[in-house]
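[1] Sequence first, predicted model second:
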Amino acid sequence: MKKMRLYLIYCFLLFFLKVTICEESENEDKEDDVIVIHDSWESATDHSSDSFSDSESIDKDSSDINPSSLPHPPPKIVQFEVEDAIPNPTIPNPESSTSDEPPPTSETIPDPSPIEPPVVEDEQTRIGRELFEEGESILNSPTSDKRPAWDKIEQASQTSYPPANLKLAWSHLFGSGHTIDPAQSHDLFSSLVEKGNPEAQMGMAFLFATGTEVNSSQSQALLYYTFGAFGGSSWAQMALGYRYWSGMGVATSCEKALDYYRRVAQSVASEVSFSGGSTLQRIRLQDELDNGGHSGGMLDNDLIEYYQLLADKGDVQAQVGLGQLHYQGGRGVNMDHQNALNYFQQAADAGNAVAMAFLGKMYLEGGDAVGQNNETALKYFKKAASLGNPVGQSGLGLMYLYGKGVPKDYKKAFDYFQKAAEQSWVDGQLHLGNMYFNGWGVRKDFKMAIKYFNLASQSGHVLAFYNLADMHATGTGMLRSCPTAVELYKNVAERGKWGERMMEAHTDYRRGRYDEALMKYLLLAELGYEVAQSNAAYIMDRKETELFNPEEMWKRALVYWSRAAAQGYSAARVRLGDYYYYGWGTDIDYETAASHYRIASEQQNNAQAMFNLGYMHELGLGMKRDIHLAKRFYDMAAETSVDAKVPVALALAKLACVFAVKNMEELKILIGPETWDTLELYWDLYLLTLLLGLLGLVMVLRRPRQIHHHAQRQNN
C-alpha cells in the first residue's frame, strides 16, 4: 500500500512537470508572433544588457540621478495580426447626419517620417539644375523658337543632371526638339536606370514592350514597369493597371488594376481646378478616313479665323465662344487663358452673363493670366447670378461653401447649387453631390449623391467620375463593384496632363511626321488608351512608318487592333476579322474571322460586319452556306447604315441571280429530264412567244393614255 502511494505521487509529479513544459513552449510560440514597435531607429537599440547594471546604480545613489542616464523604457509589445497589414479604408458613416465643415481645398498631411537634413548639391549639380530650369522656362514660354531651350537642356545633360538626361531621352524617342533616335534614348535610359530613376525604368519598359531598339520582351517590360510603378511613375502605374485589367502578359486581376489606377486617379483629381481641367480630344484616324478625311472633333483654321473676325467686330456670341474655347482648350485649340480673359472681358463689358460668370471663375482660381481675387470673383458671380446664369449661381455657391470672401453659409451654397443644377449646369450637379455625400448642411444621402454625380459625369466632369469610382470601390451607398470602379478610375487617369500627347501625335500625323506620331501613339497605347491603340495599328496597317521592319508591320498592327477591339472599338473588331480573312500577319482562318464579324455585328451593331457575314454565308466561308441568312444580313446592313444601301443593292442583285440559277436546277429535277430536253430544243419559239405577249401587254396598257390624250386635244 505504501509503495502504491509513492507510485501515485511519482506519476503526479511527472504529469505536473509535463504540463509546465508544454505551457512554456506555448508561451515561446506566442512570443514568435509578437513584434516590437519602436518610435524611432534609436529606440530599436537593445539595452537589455545594460538594464541590470543601471538599476544597481540607481539603488546605490538615487540622489545623483541624471535624467539622460536613465535606462530606456522597455519597448512596447503588441501582437501583430493579419489585419494590421491591410490598411482600413475610410468609409463615411451613413448614421451621422451632418459634418461640421468641408475640408480645405488644399490639405497638407504631415509626414511622420523623421526630418532629414537638406541635401547639399555640389557645384556641377547646381550648374546643371540652373541650365535645365532655364531651358524649361523657354520651352514653356509662348516663343516659337525652342532651339535655345534644347541647347540649355543639352548643356545640363553634359553635367549628368538626371532630369536633363531624362528630358533628352524622351525628346529623342518622340522626335520633339530632336531628330527621332531610339538608340540615343536607349543609352540615356540605361544610364538613368542604373541610378534607380523610376521614369527611366518606365522608358526602358516601353522599349522592351514595343521591341524598339531592343528585342521585344514582355517579361522585361513587366519588370521595369513594376520598378517604375514602385518608384512613383504615374505612367508605369497606368501601364501596370492596364495590363492587370486586360490580362496582357499577366494573370487578370481586377484588384491589382484597381490599386494602380486609383493611385494615378488620385494624382489627376488632386490637380483639377475649379474649371474642371482641360478637354481630352480622342480622334481616330480610321474614322477620319471613313469620313473623307474630316474629323468632327476638330475646328478648321478657316472657321476659327472667321469667328475671330466676328469677335473683333463686336459679336458677343463669338467672343464668348472663343473665350470658352481658349479657357478649356480642345478641338485643335490650345488652352490660352490670356486670350480667354480678353474675349470674356469684351463680352462682359457688353453685358453678357456667361462672360461675367467665367471671369468670376478665372479670378476665383487665379493663374498666369490674372491673380486670384475673391472680391472681383464675387462681383462677377453676383452680376451673372442676378441675370439667372447657372455658372454664376454655381460660383456663388462655391464661395459660400468654402468661405472665400464671404462667411461660410451652407444653406446659401446649397440654394445656389440647386438653382444651377436645375439648369443642368455640371458644377452645380457636382457640388450638390458633394454636399449630400459629406453631409455639408444637409443630411447625408448617398442615393442623392450618386444621382448628382451621375448627372455631372454625363457632362464629362473628371471629379464626378472620380467620386463615383471611390463609391464603387468602397461599396459606399451601393454594392461594391471592382470592374466598374476600374473603368471609372481608368477614365480619370486618362485625363491627366499626359493626354496632351494625343493631340501632339495627331498634329504630327497631319503634318506627315508619321514616325513621331507613331511613337507617341505607342506610348499612350501602352498606358491603355484605346484611341492610341487603334491609331498605332492604323499607321502600321498602312505601312506609313520606317521605324520597324515592313515584313512585321501587319503582325504588329494585329496586336494593337486586338487591344483596341478588346476595349469595344467596333471598327478595330472588323479590321481584326479582315486580318484573319485575308491572312495578314497571321494564317487564313475563316472561322475566326466570322467570329470577330459576329461580335461586331451583335454587340456593336456594325454595318460592315453585317455585310461581311452576309457575304460569308453566301459563299459558305467559315460557316454553312445559306442564301436566306445571307439576304438577312445584307438587309440588316442596309437598315443600319445609309452608306451600305448601294453595296447591299448590288449584293442582293447578285444573290438573286444565284438564287435563280439554283431554282432552275431544282425546276429541272421537278419537271423531269424529257420535258426539260423539249424546252431546250424549242427554246427560241418559247422565248419569241413570251416577247410577243409582253409587247401586246404594253400596247394594251398604253392605249387608254393615247385615247385620253386625243380627247384633250379635241377639247382644246
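    That came through fine. Numbering: from 1, shown residues only.
[2] only C-alpha atoms for contact and neighbour calcs from this point on.
    OK.
[3] Could you pull up the contacting residues of Phe174?
    Phe174 makes contact with Ile180, Glu516, Ala517, Met519, Lys520 under the criterion C-alpha atoms under 8 Å, 6 or more residues apart in numbering.
[4] Give me the below-cutoff pLDDT ranges for the stretch 1-150 of the chain.
    1-120 (pLDDT under 70).
[5] same deal with the chain?
    Those would be 1-120, 273-280, 292-302, 330-332, 664-677, 679-680, 683, 704-716, if you go by pLDDT under 70 across the chain.
[6] Centroid-nearest residue for it?
    The residue lying closest to the centre of the chain (C-alpha atoms, centre = their mean) is Glu494, at 3.1 Å.
[7] which one is it nearest to, not counting chain neighbours?
    Once flanking residues are discounted, Glu494 sits nearest to Tyr529: 7.2 Å by C-alpha to C-alpha, 6 or more residues apart in numbering.
[8] Quick check: phi and psi on the one you found?
    phi -70, psi 120 (degrees, to the nearest 10).
[9] State the distance from it to Tyr521.
    Distance, Tyr529 to Tyr521, using C-alpha to C-alpha, to the nearest Å: 9 Å.
[10] When those two are compared, which one has more neighbours?
    Tyr521 (29 against 25; other C-alpha atoms under 10 Å).
[11] Which of the helices or strands spans the more buried one?
    Tyr521 is part of helix 514-526 when elements are defined by DSSP states H and E.
[12] Which other helices and strands does that helix contact?
    With contacts taken as 3 or more C-alpha pairs under 8 Å, 6 or more residues apart in numbering; DSSP states H and E, helix 514-526 sits against helix 162-174, helix 198-210, helix 500-510, helix 530-541.
[13] export those to CSV and tack on distance to Tyr380?
    Output for the helices and strands packed on helix 514-526, formatted as CSV (distance: least, C-alpha to C-alpha, whole Å):
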stretch, distance to Tyr380
helix 162-174, 42
helix 198-210, 43
helix 500-510, 31
helix 530-541, 40
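[14] Quick one, which of the ones you listed gets closest to Lys256.
    Among the helices and strands packed on helix 514-526, helix 198-210 comes nearest to Lys256, with 18.3 Å by C-alpha to C-alpha.
[15] How about residues contacting the closest one?
    166, 170, 186, 189-190, 192-193, 213-218, 220-225, 227-233, 235-236, 522-523, 526.
[16] how about 6 Å then?
    Applying C-alpha atoms under 6 Å, 6 or more residues apart in numbering, the contact partners of helix 198-210 are 189, 192-193, 216-218, 221, 224-225, 228, 231, 233, 236.
[17] go on, stretch 586-593?
    Stretch 586-593 is contacted from outside by Gly577, Tyr580, Tyr581, Tyr582, Gly622, using C-alpha under 6 Å, 6+ apart.
[18] buried stuff in it?
    For stretch 586-593, the neighbour count (16 or more other C-alpha atoms under 10 Å) marks Asp589, Tyr590, Glu591, Thr592, Ala593 as buried.
[19] Stretch 536-555 too?
    Neighbour-count burial for stretch 536-555 [16+ other C-alpha under 10 Å]: 536-541, 543-545, 547, 553-555.
[20] That one: how far from the chain's middle?
    Chain-centre distance of stretch 536-555: 25 Å, with C-alpha atoms, centre = their mean, to the nearest Å.
[21] From start to finish, how long is that stretch in a straight line?
    Rule used - C-alpha to C-alpha; the end-to-end distance of stretch 536-555 is 12 Å.
[22] Can you name the two of the contacts of helix 198-210 that sit furthest apart?
    That would be Ser216 and Gly231, which, of the contacts of helix 198-210, are the farthest apart (C-alpha to C-alpha) at 23.3 Å.
[23] Quick check: Arg598 vs Thr592, distance?
    10 Å.
[24] Equivalent analysis for Gly228, please.
    For Gly228 relative to Thr592 (C-alpha to C-alpha), the value is 37 Å.
[25] and if you look at Gln201?
    Gln201 is 38 Å from Thr592, by C-alpha to C-alpha.
[26] Check Thr376 too.
    Applying C-alpha to C-alpha to Thr376 and Thr592 gives a distance of 64 Å.
[27] now do Asn374
    From Asn374 to Thr592 the distance is 63 Å (C-alpha to C-alpha).
[28] Could you do Gln604 as well?
    In terms of C-alpha to C-alpha, Gln604 sits 17 Å off from Thr592.
[29] Which parts of the stretch 501-650 of the chain are strands?
    Counting by DSSP state E, counting those that start in this stretch, the stretch 501-650 of the chain has no strands to list.
[30] burial count for Tyr686?
    11.
[31] Also Gly693?
    11.
[32] So it, which state does it fall into?
    Recorded secondary structure, Gly693: helix (DSSP: H, G, I helix; E, B strand; the rest coil).
[33] Please list all residues in contact with it.
    Here Gly693 is in contact with no residue (C-alpha under 6 Å, 6+ apart).
[34] from now on call the first residue 756
    Renumbered: residue one is now 756, and that last one reads Gly1448.
[35] Quick check: it vs Tyr1441, distance?
    11 Å.
[36] now do Asn895
    Applying C-alpha to C-alpha to Asn895 and Tyr1441 gives a distance of 87 Å.
[37] any chance you could map the helices in the stretch 1356-1471 of the chain?
    For the stretch 1356-1471 of the chain, helices defined by DSSP state H, counting those that start in this stretch occupy the ranges 1362-1374, 1382-1395, 1400-1426, 1428-1436, 1438-1470.
[38] Compare the helices and strands packed on helix 1269-1281 and give me the one nearest Arg998.
    Of the helices and strands packed on helix 1269-1281, nearest to Arg998 by C-alpha to C-alpha is helix 953-965, at 11.4 Å.
[39] Nearest residue to Asp1225 in space, please, no chain neighbours.
    Using C-alpha to C-alpha, 6+ apart, the nearest residue to Asp1225 is Ala1240, at 7.0 Å.
[40] Which elements pack onto the one helix or strand that neighbour maps to?
    For Ala1240, the host element (DSSP H and E) is helix 1237-1248. Applying 3 or more C-alpha pairs under 6 Å, 6 or more residues apart in numbering; DSSP states H and E, one finds that helix 1237-1248 contacts helix 1009-1025, helix 1217-1229.
[41] and those, which is most packed in?
    Highest mean neighbour count among the helices and strands packed on helix 1237-1248 (mean count of other C-alpha atoms under 10 Å): helix 1217-1229, with a mean of 24.
[42] Outside of it itself, list whatever touches it.
    For helix 1217-1229, using C-alpha under 6 Å, 6+ apart, the contacting residues are Phe1208, Ala1211, Ser1212, Arg1235, Ser1236, Cys1237, Ala1240, Leu1243, Tyr1244, Val1247.
[43] swap in stretch 985-1000?
    With C-alpha under 6 Å, 6+ apart, stretch 985-1000 has contacts from 953-954, 957, 980, 983-984, 1007-1009, 1012, 1015-1016, 1019, 1281-1283.
[44] what comes up buried for that stretch?
    986-1000.
[45] So which of those sit within helices?
    Ser989, Trp990, Ala991, Gln992, Met993, Ala994, Leu995, Gly996, Tyr997, Arg998, Tyr999, Trp1000 (DSSP state H).
[46] hmm, back to that, would you mind listing the residues touching both of Arg1353 and Thr1347?
    By C-alpha under 6 Å, 6+ apart, no residue touches both Arg1353 and Thr1347.
[47] Dump stretch 1139-1153 to PDB, restricted to CA.
    What follows is stretch 1139-1153 as a C-alpha-only set of coordinates in PDB (Å, rounded to 0.1, in the frame of the first residue of the first chain):
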ATOM      1  CA  ALA A1139     -24.100  86.800 -63.600                       C
ATOM      2  CA  ALA A1140     -26.400  85.100 -61.000                       C
ATOM      3  CA  SER A1141     -28.700  88.100 -60.900                       C
ATOM      4  CA  LEU A1142     -29.200  87.500 -64.600                       C
ATOM      5  CA  GLY A1143     -30.100  83.900 -63.900                       C
ATOM      6  CA  ASN A1144     -26.800  82.400 -65.200                       C
ATOM      7  CA  PRO A1145     -26.100  78.900 -63.800                       C
ATOM      8  CA  VAL A1146     -22.300  79.400 -64.000                       C
ATOM      9  CA  GLY A1147     -22.600  82.500 -61.800                       C
ATOM     10  CA  GLN A1148     -25.000  80.700 -59.400                       C
ATOM     11  CA  SER A1149     -22.600  77.800 -59.000                       C
ATOM     12  CA  GLY A1150     -19.700  80.100 -58.500                       C
ATOM     13  CA  LEU A1151     -21.600  81.900 -55.600                       C
ATOM     14  CA  GLY A1152     -22.400  78.600 -54.100                       C
ATOM     15  CA  LEU A1153     -18.700  77.600 -54.200                       C
END
